[in-house]
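In: what shape does this take:
(2 chains)
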Amino acid sequence: MRLLRAIRPWAIVFLVGGMLSFVVTALGSGLAEEKAIFGVHESSAARQYMISLLENEPQSLISLLPKTDVVSRALQFAQSESAAGQIRPISLTYLGGRTSGSLSVFMYAIEVRADNGQRQFFPLALTLSGGRVIRRE
Amino acid sequence: MSRLRAALGVLVFAAGVIAGVLAAQLVNPPPPPSPWASLASVEEPSASAAVASMIAHDDAQGLSRALDSQLLQKLAQAIQPLVSIDTVEFTGATETQGDILAGYVAGGTDQTGNGVIIGVVFRVRDGKVVGVN
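Out: Numbering: from 1, shown residues only, chains lettered A, B, ... in the order given. Purely as a prediction, here's the structure:
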């Protein structure tokens, strides 16, 4: 009991420091992203979506999309099944992005080799809201 | 004794600050590593920079001269749902085998007046914009 009483003020100081820096870091990094002060860092959700797309992982893709009905999810599985093994990714390059309010845009350049050996180089722009991909162009 | 307490207080506070920063990093994890190579970035192509500037300056006449009607149609699709564009910012570009892909983010408002941002990527070949996504 005496030990607890002795530790208490130090624990409070530690917690205050921790909470203060947590809030400042979270707000500061959010503001820096919005103003693109250091460029916009690629989000883990966007990168995961790209990897799942190129590796043809429908389950992972669905988890990064807004909640949809069972038929739309079934369609996603069917599309993935029919596309399996049709392309071989060569490179994935992040082209940057921006954040504005709840919306974030991340762009990629994708280089793949198709089944017939043809090389394709094309872009993809993802719009994310709340960690989910709401638009893919 | 009081000096020691003060120094210890500062130390404990600093430890808390470090723990808070680490916790904030854990909440926002870095993206998973990509299994594929990444191409080198290149400078903004002047052709796409000119088109982006025309969009930002609402220069419809200039755009009609810079892009053919097929590209204009693709651009119209790419900027939906924006009806008023305030900013067009270059985000990055990369190149392979003579094809440059240059990314831009356009910001503005949609028909209902809501603020929207969208991504537009121009394909530049031989100094000309040949594609829009």
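
In: from here on, just use CA atoms for contacts and neighbour counts.
Out: Fine.

In: neighbours around residue 66, how many?
Out: Chain wasn't specified; assuming chain A. 15 (other Cα atoms under 10 Å in any protein chain shown).

In: should've been chain B
Out: Residues near B:A66, counting by other Cα under 10 Å: 18.

In: excluding its backbone neighbours, what's nearest B:I100?
Out: In space, B:I100 comes closest to B:V124 once its chain neighbours are excluded; the distance is 5.0 Å by Cα to Cα, 6 or more residues apart in numbering or on different chains.

In: report the contact partners of that neighbour.
Out: B:P45, B:A47, B:S48, B:D99, B:I100, B:L101, B:A102, B:V130, B:G131 (Cα atoms under 8 Å, 6 or more residues apart in numbering or on different chains).

In: cutoff 10 Å now
Out: B:V124 makes contacts with B:45-48, B:95, B:98-102, B:130-132, as judged by Cα atoms under 10 Å, 6 or more residues apart in numbering or on different chains.

In: what about the strands in chain A?
Out: For chain A, the strands defined by DSSP state E cover A:87-100, A:103-114, A:119-129, A:132-136.

In: JSON lines for those strands, including mean neighbour count and distance to chain B?
Out: Listed next are the strands of chain A as JSON lines, based on neighbours: other Cα atoms under 10 Å in any protein chain shown; distance: least, Cα to the nearest Cα, whole Å:
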{"stretch": "strand A:87-100", "mean neighbour count": "22", "distance to chain B": "5"}
{"stretch": "strand A:103-114", "mean neighbour count": "23", "distance to chain B": "6"}
{"stretch": "strand A:119-129", "mean neighbour count": "19", "distance to chain B": "6"}
{"stretch": "strand A:132-136", "mean neighbour count": "17", "distance to chain B": "9"}
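
In: reformat these as a markdown table; add mean pLDDT.
Out: Conversion of the strands of chain A to a markdown table gives the following (pLDDT from 0 to 100):
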| stretch | mean pLDDT |
| --- | --- |
| strand A:87-100 | 93 |
| strand A:103-114 | 94 |
| strand A:119-129 | 94 |
| strand A:132-136 | 90 |
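
In: buried ones in the longest helix along chain B?
Out: Among the segments of chain B that qualify as a helix by DSSP state H, the longest is helix B:2-27. Neighbour-count burial for helix B:2-27 flags B:9-10, B:12-24 (criterion: 16 or more other Cα atoms under 10 Å in any protein chain shown).

In: of these, list those near chain A.
Out: B:9-10, B:12-24 (Cα under 10 Å from any Cα of the partner chain).

In: lowest-confidence one in those?
Out: In terms of pLDDT, B:A24 ranks lowest among these, with 80.

In: any idea how far A:A46 is from it?
Out: Counting by Cα to Cα, to the nearest Å, the separation of B:A24 from A:A46 is 19 Å.

In: ditto for B:A23
Out: Taking Cα to Cα, one finds B:A23 at 22 Å from A:A46.

In: dump stretch A:46-65 to CSV, restricted to CA.
Out: C-alpha atoms of stretch A:46-65 as CSV (Å, rounded to 0.1, in the frame of the first residue of the first chain):
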residue,chain,number,x,y,z
ALA,A,46,-4.1,1.2,-49.6
ARG,A,47,-0.9,-0.9,-49.9
GLN,A,48,-2.7,-4.0,-48.5
TYR,A,49,-5.4,-3.4,-51.1
MET,A,50,-2.9,-3.3,-54.0
ILE,A,51,-1.1,-6.4,-52.8
SER,A,52,-4.4,-8.3,-52.4
LEU,A,53,-5.5,-7.1,-55.8
LEU,A,54,-2.3,-8.2,-57.6
GLU,A,55,-2.1,-11.4,-55.6
ASN,A,56,-5.7,-12.1,-56.2
GLU,A,57,-6.9,-12.5,-52.6
PRO,A,58,-10.7,-11.8,-52.7
GLN,A,59,-11.1,-12.3,-48.9
SER,A,60,-8.6,-9.6,-48.1
LEU,A,61,-10.0,-7.3,-50.8
ILE,A,62,-13.5,-7.6,-49.4
SER,A,63,-12.3,-6.7,-46.0
LEU,A,64,-10.9,-3.4,-47.4
LEU,A,65,-14.1,-2.5,-49.2
